[in-house]
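Visitor: When you get a sec, could you give me coordinates for this:
(one chain, ligands or ions: 2)
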Amino acid sequence: MKKGIILTGDRPTGKLHLGHYAGSLASRVKLQDEHRQFVMLADAQALTDNAEHPEKVRENILEVTLDYLAVGIDPKKTTIFVQSLVPSIPELTMYFLNLVTWNRLKHNPTIKLEIQHRGFGEDVPAGFMVYPVNQAADITIFKADFVPVGEDQLPILEQTTELVRKFNRLYKKEVLVEPKALLSQVARLPGIDGKAKMSKSLNNTINLSDSADDVAKKVKGMYTDPGHLRVEDPGKIEGNCVFIYLDAFATDVEKVAEMKEHYQRGGLGDSVVKKYLLEVLQALLDPIRKRREAWAKDPGAVMEILRKGTDVAREAAHVTMQEVREAMKINYF
Ligand code: ATP
Ligand code: MG
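Guide: Ligands and ions are numbered 1, 2, ... in the order given. Reported below is the predicted structural model:
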């Protein structure tokens, strides 16, 4: 007996990074054993702010799938699929759009922040403005009970819940399911530059596929405590990325606690802490890198996994869409 349905996904806009791993990928690997899990490559969503670069989205379909397989998402347990090849999703999106106001969309905090980051100004693509509604359709068409996501997605899940309630109330059938967000312990990993969120579009990532040398360079340049100038000075651990990353990825909790105490007291240099973080990260990333390299040798097999997964997802979504049409009384013949 499965414990529920899971839907989650990523925009194929670049290789996946440590923020994805901490915020969502690690949970997916654990959840896949006991849940019915769907993982989606959100290519249609990626195009809402990349319409001029379809080749970038196309390239990253393979790259992101390789990242999935590398971290241990198992296609025998998880259905991995491509969003744009499931036509019931845009279909449900159209009907959801009638249940939300333009004003509500404009005030979604995630959207507001992303508009700022992307520098859209007044020229926001309409598709981008409504992507949370599209995302609500992604989640509900699979009747997902749980969505393992980072903190940035909470306002979007809230909007999804509102849509589900409104739909079920209006059409007097409990067709759609209210999803719950599953937040991991590290719901928002900061970037290596100290910015609030590690993000592909902010260029402050350590990618799961970065070479050992690149990881070493990035750790060396990481943001710490700008006031910690001499080794003997007391240092701050709040907002200090190196310690935030140690909390997220080191398993030797006692050692980290000791280092924190020493750093705050003074006498522990940034380079020593960074050296330890690098060891921790290489131990995490080494097996991921190796598995990725092995899969990358057979892109045909990877695409075949996607093709099969997409067939399964298309069928599951179609079943829900029939129920939606019936509830809305638009199942004419
Ligand atoms: P983009 O900049 O293109 O939006 P992104 O780096 O934000 O890319 P997404 O594909 O939008 O990545 O996010 C996929 C999933 O990973 C979401 O569930 C999101 O919450 C989670 N996630 C992304 N970045 C982080 C982070 N820094 N910390 C925790 N979770 C994250
Ligand atoms: Mg994002």
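Visitor: Run a quick neighbour tally on Val186.
Guide: One way to gauge burial is a neighbour count; for Val186, by other C-beta atoms under 10 Å, it gives 21. The C-beta positions use only the backbone N, C-alpha and C, and glycine is treated the same way.
Visitor: same deal with Gly121?
Guide: Around Gly121 sit 8 other residues, with neighbours defined as other C-beta under 10 Å.
Visitor: three-state assignment of it?
Guide: Three-state call for Gly121 (DSSP: H, G, I helix; E, B strand; the rest coil): coil.
Visitor: quick one: it from Ile115, how far?
Guide: The gap separating Gly121 from Ile115 is 8 Å, by C-beta to C-beta, to the nearest Å.
Visitor: do the same with Ser184
Guide: Plainly put, Ser184 is 26 Å away from Ile115 if you go by C-beta to C-beta.
Visitor: Likewise for Pro155?
Guide: As judged by C-beta to C-beta, Pro155 and Ile115 stand 13 Å apart.
Visitor: repeat for Leu105
Guide: Applying C-beta to C-beta, the value for Leu105 to Ile115 is 11 Å.
Visitor: do the same with Glu122
Guide: With distances defined as C-beta to C-beta, the gap from Glu122 to Ile115 amounts to 10 Å.
Visitor: same check, this time on Lys180
Guide: 27 Å.
Visitor: Between the two, which has more neighbouring residues?
Guide: More crowded of Lys180 and Ile115, by other C-beta under 10 Å: Ile115, with 19 against 14.
Visitor: Could you list which residues are in contact with that one?
Guide: Each residue near Ile115 by C-beta atoms under 8 Å, 6 or more residues apart in numbering is listed here: Val124, Phe128.
Visitor: again, 7 Å this time
Guide: Residues in contact with Ile115, defined by C-beta atoms under 7 Å, 6 or more residues apart in numbering, are Val124.
Visitor: Let me know the secondary structure of it.
Guide: With three-state DSSP as the basis, Ile115 sits in helix.
Visitor: what's the domain layout of the chain?
Guide: Listed by automatic domain parsing, the domain ranges of the chain are 5-190+299-327, 212-293.
Visitor: so of those domains, which one's packed in deepest?
Guide: For these, the stretch with the most neighbours on average is domain 5-190+299-327, a mean of 19; neighbours defined as mean count of other C-beta atoms under 10 Å.
Visitor: can you tell if that domain touches ligand 1?
Guide: Yes: with C-beta under 6 Å from any ligand atom as the measure, domain 5-190+299-327 is seen reaching ligand 1 through 10-11, 13, 19-20, 22-24, 149-150, 152-153, 188-189.
Visitor: Kindly reformat those residues as TSV containing pLDDT.
Guide: Below are these laid out as TSV (pLDDT from 0 to 100):
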residue	pLDDT
Asp10	96
Arg11	96
Thr13	94
Gly19	95
His20	96
Ala22	94
Gly23	91
Ser24	93
Val149	90
Gly150	87
Asp152	88
Gln153	92
Arg188	92
Leu189	95
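Visitor: Ignoring the adjacent residues along the chain, who's closest to Met259?
Guide: Across the structure, with C-beta to C-beta, 6 or more residues apart in numbering as the measure, the residue nearest Met259 apart from its sequence neighbours is Val273 (6.0 Å).
Visitor: For the host helix or strand of that neighbour, enumerate the helices and strands it packs against.
Guide: Applying DSSP states H and E as the criterion places Val273 in helix 270-296. If you count contacts as 3 or more C-beta pairs under 7 Å, 6 or more residues apart in numbering; DSSP states H and E, helix 270-296 packs onto helix 54-71, helix 212-220, helix 241-249, helix 253-265.
Visitor: so for the helix or strand just after that helix, what's the average pLDDT?
Guide: Proceeding C-terminally, helix 270-296 gives way to helix 299-327 as the next helix or strand, assigned by DSSP H and E. The average pLDDT within helix 299-327 is 98.
Visitor: what angle do helix 299-327 and helix 54-71 make?
Guide: Compare the direction of helix 299-327 with that of helix 54-71 by axes from the mean of the first three to the mean of the last three C-alpha atoms, to 10 degrees and you get 100 degrees.
Visitor: what comes into contact with stretch 189-208?
Guide: Under the criterion C-beta under 7 Å, 6+ apart, residues 13-19, 21-23, 67, 70-71, 117-118, 152, 188, 215, 218, 222-223, 239, 241, 244, 248, 285, 288 lie in contact with stretch 189-208.
Visitor: Spatially nearest residue to Pro54, not counting backbone neighbours?
Guide: Using C-beta to C-beta, 6+ apart and skipping residues adjacent in sequence, the residue nearest Pro54 is Leu47, 6.7 Å away.
Visitor: separation between the one you found and ligand 1?
Guide: Shown here: Leu47 relative to ligand 1, a distance of 12 Å by C-beta to the nearest ligand atom, to the nearest Å.
Visitor: Renumber starting at 27 from here on
Guide: In the new numbering, first residue 27, that becomes Leu73.
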